[in-house]
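Engineer: sequence and predicted model, in that order:
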Amino acid sequence: MADRREHMGDFTVLCPPLTRISRAYAGGAPVLVGDIAQMPLLSLFNILTQGRETGRLLLRRERIERVVLLREGDLGAMGGNGPADKLGATLLRSGRVTRGQFDQALAAGKQAGIRVGQALIDMGVLQPHELFDVIREQVTEMFCDCASWSTGSFFLYRLPDGFRFPPAPPVSLTGLVLEAARRADELALVRSQIGDDETPIVLTGKVLDGDEGLQAAHLVYAQLGEPPLSVGELTRRTRLSAFDCLRGIQRLIQCQVAQIACDDTPGAGPEDVAPVTLTDEQRADIDCVRLGFREIEQALAIGDHTDAFRAGIERYLGHADAHTKTLLEDIDEPTVHLDAHQLTLNIARLPGPQRVSQAQACLVELLKFAAFQAGELLSPVFEIALTDRLRSVCGRLMF
């Protein structure tokens, strides 16, 4: 279908053709259009919130389309055409209903002329407050996914007089923006540990505990097997958002149920791995961690807490994830002597393309635990003094 021409004052704008989603709220010319690559959606939403705007915001990236209804700067409703945008997908993904229950409710809803959510309530499968929570979860997932887009376009339209907003749970747009920003930060951290969408994931042979709390971990676990699957393929198969899929993978790795698949190159044993070449900035970060360990060891030696501290570090490392164990292999008492050469050898053995970032994240986590352990052992006066020294030596990594 060809693009449509819309007039904005003295300008003519090429708008995307109407689809089932956008046609439902069609009407009027756009009052604001833009390129998401040049105007990130979180910045746009901040502007719309502060201006207390009312209107229909159409977001489009390739074939994915979302419509956000704004009411005086807050979110009135949201919908989309993606497979994961449907209420049924959210219900099934969360484990609140089974496929059989949903299909039965869908058929009953069509026959009675009611929504599938109301049909599930009438069947006794869901309580009203549970449906309320699911819809809010559905909107949050769609919104946070849109906020992560780096490409696409947006079109803001005014709503006609007397427009009736569809019934929807009240959701604060400001709260959604804050949640999307938090997820973006967490997603960046997890990606630094796991890698990009091409990183292969494989099961270790350990069985996932049935009581494990994160539903995403179970969905990812159900898809894994032989051969390994990439992060991107797992996201597609589970129909989870990138954020939830990575969190599920991270949980499986933490439980040692899954791991990043290593390259099985014949004849390339550990002794054949060449040390990683670090940049000056990466070396400086590792030196900061080493200096932090030294400050902690010196503070503990004054109060004769060294043995208890090192015993706590040993227990921490005994329960560490596979990345941390690989990173610190053949390094005895890392808080005392963090051997640079052995460390670069071990970094080279880490799987995935983001091995240096993984190593840095593991070392910073160990440093944070070491500082916490020291704080538990030291008196308040010495703990405050140590915290001040750590802020001075390695504050940009820890705080």
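Structural biologist: Thanks, I have the structure now. Numbering: from 1, shown residues only.

Engineer: outline the domain layout of the chain.
Structural biologist: 4-185, 197-260, 271-398 (automatic domain parsing).

Engineer: could those be laid out in JSON lines, adding mean pLDDT and mean neighbour count?
Structural biologist: (C-beta placed from N, C-alpha, C; glycine too.) Formatted as JSON lines, the domains of the chain follow (pLDDT from 0 to 100; neighbours: other CB atoms under 10 Å):
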{"stretch": "domain 4-185", "mean pLDDT": "83", "mean neighbour count": "16"}
{"stretch": "domain 197-260", "mean pLDDT": "83", "mean neighbour count": "18"}
{"stretch": "domain 271-398", "mean pLDDT": "84", "mean neighbour count": "17"}
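
Engineer: can the ones you listed go into TSV with extra columns for distance to Arg191?
Structural biologist: Listed next are the domains of the chain as TSV, based on distance: least, CB to CB, whole Å:
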stretch	distance to Arg191
domain 4-185	10
domain 197-260	7
domain 271-398	7
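
Engineer: geometric centre of the protein: which residue is closest?
Structural biologist: Phe243 (3.0 Å; CA atoms, centre = their mean).

Engineer: so what's it up against?
Structural biologist: Cys144, Asp145, Ser148, Arg183, Glu186, Leu187 (CB atoms under 8 Å, 6 or more residues apart in numbering).

Engineer: what of Thr90?
Structural biologist: Thr90 touches Ala84, Val134, Glu137, Gln138, Glu141, counting by CB under 8 Å, 6+ apart.

Engineer: likewise for Glu226?
Structural biologist: Val202.

Engineer: ok, now Ile249?
Structural biologist: By CB under 8 Å, 6+ apart, the neighbours of Ile249 are Ile194, Ile201, Ala217, Val220, Val231, Leu234, Ala258.

Engineer: which one of the residues you listed is nearest Leu41?
Structural biologist: Val231 (23.0 Å; CB to CB).

Engineer: was I right about that closest one contacting Val202?
Structural biologist: No. Using CB atoms under 8 Å, Val231 is not in contact with Val202, being 11.9 Å away.

Engineer: where do the strands of the stretch 251-399 of the chain begin and end?
Structural biologist: 258-260 (DSSP state E, counting those that start in this stretch).

Engineer: ditto for the stretch 51-200 of the chain
Structural biologist: 55-61, 64-71, 74-80, 153-157, 200-203.

Engineer: reformat those as CSV; add distance to Val289.
Structural biologist: Formatted as CSV, the strands of the stretch 51-200 of the chain follow (distance: least, CB to CB, whole Å):
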stretch, distance to Val289
strand 55-61, 39
strand 64-71, 41
strand 74-80, 43
strand 153-157, 43
strand 200-203, 28
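
Engineer: which one of those lies nearest to Ala108?
Structural biologist: strand 74-80 (22.3 Å).

Engineer: next up, the contacts around Asn346.
Structural biologist: Asn346 touches Thr326, Leu327, Leu328, Glu329, Asp330, Ile331, Ala359, counting by CB under 8 Å, 6+ apart.

Engineer: at 6 Å instead, please
Structural biologist: Leu327, Glu329 (CB atoms under 6 Å, 6 or more residues apart in numbering).

Engineer: kindly provide the distance from it to Asp339.
Structural biologist: 9 Å (CB to CB, to the nearest Å).

Engineer: for the contacts of Phe243, which one is nearest Ile313?
Structural biologist: For the contacts of Phe243, the nearest to Ile313 is Glu186 (26.0 Å; CB to CB).

Engineer: and the closest residue to that closest one other than its chain neighbours, what element?
Structural biologist: Nearest non-adjacent residue to Glu186, counting by CB to CB, 6 or more residues apart in numbering: Phe243, 7.4 Å away. Using DSSP states H and E, Phe243 maps to helix 242-254.

Engineer: then the helix or strand containing Leu42 to CSV, C-alphas only?
Structural biologist: For Leu42, the host element (DSSP H and E) is helix 41-50. Provided in CSV are the C-alpha atoms of helix 41-50 (Å, rounded to 0.1, in the frame of the first residue of the first chain):
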residue,chain,number,x,y,z
LEU,A,41,10.6,7.8,22.6
LEU,A,42,11.4,8.3,26.2
SER,A,43,12.3,12.0,25.5
LEU,A,44,9.1,12.3,23.4
PHE,A,45,6.9,10.9,26.2
ASN,A,46,8.5,13.3,28.7
ILE,A,47,7.5,16.2,26.5
LEU,A,48,4.0,14.9,26.1
THR,A,49,3.6,14.3,29.8
GLN,A,50,4.9,17.7,30.8
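
Engineer: which helices and strands does that helix pack with?
Structural biologist: Where contact means 3 or more CB pairs under 6 Å, 6 or more residues apart in numbering; DSSP states H and E, helix 41-50 is packed against helix 128-147, helix 173-194.

Engineer: for Trp149, what are its contacts?
Structural biologist: Per CB under 6 Å, 6+ apart, neighbours of Trp149: Ile36, Arg61.

Engineer: please repeat the previous calculation with a cut-off of 7 Å.
Structural biologist: Each residue near Trp149 by CB atoms under 7 Å, 6 or more residues apart in numbering is listed here: Ile36, Leu41, Arg61.

Engineer: now Leu366
Structural biologist: Contact partners of Leu366, counting by CB under 7 Å, 6+ apart, are Pro334.

Engineer: rerun that using 8 Å as the cut-off
Structural biologist: Val289, Ile313, Tyr316, Leu317, Thr324, Pro334, Thr335.

Engineer: any idea how far the first one lies from Leu70?
Structural biologist: Okay, so that is Val289. 46 Å.

Engineer: one more: the fifth one?
Structural biologist: Between Thr324 and Leu70 the distance, using CB to CB, works out to 45 Å.

Engineer: just the CA coordinates for stretch 285-301, please, in CSV.
Structural biologist: Only the C-alpha atoms of stretch 285-301 are listed here, as CSV (Å, rounded to 0.1, in the frame of the first residue of the first chain):
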residue,chain,number,x,y,z
ASP,A,285,39.2,-0.6,35.8
ILE,A,286,40.9,-3.8,36.9
ASP,A,287,43.5,-1.8,38.8
CYS,A,288,40.7,0.1,40.6
VAL,A,289,39.2,-3.3,41.7
ARG,A,290,42.7,-4.4,42.9
LEU,A,291,43.2,-1.2,44.9
GLY,A,292,39.7,-1.6,46.4
PHE,A,293,40.6,-5.1,47.6
ARG,A,294,43.8,-3.8,49.1
GLU,A,295,42.0,-1.1,51.0
ILE,A,296,39.5,-3.7,52.4
GLU,A,297,42.3,-6.1,53.4
GLN,A,298,44.2,-3.4,55.2
ALA,A,299,41.1,-2.2,57.1
LEU,A,300,40.3,-5.8,58.2
ALA,A,301,43.9,-6.5,59.3
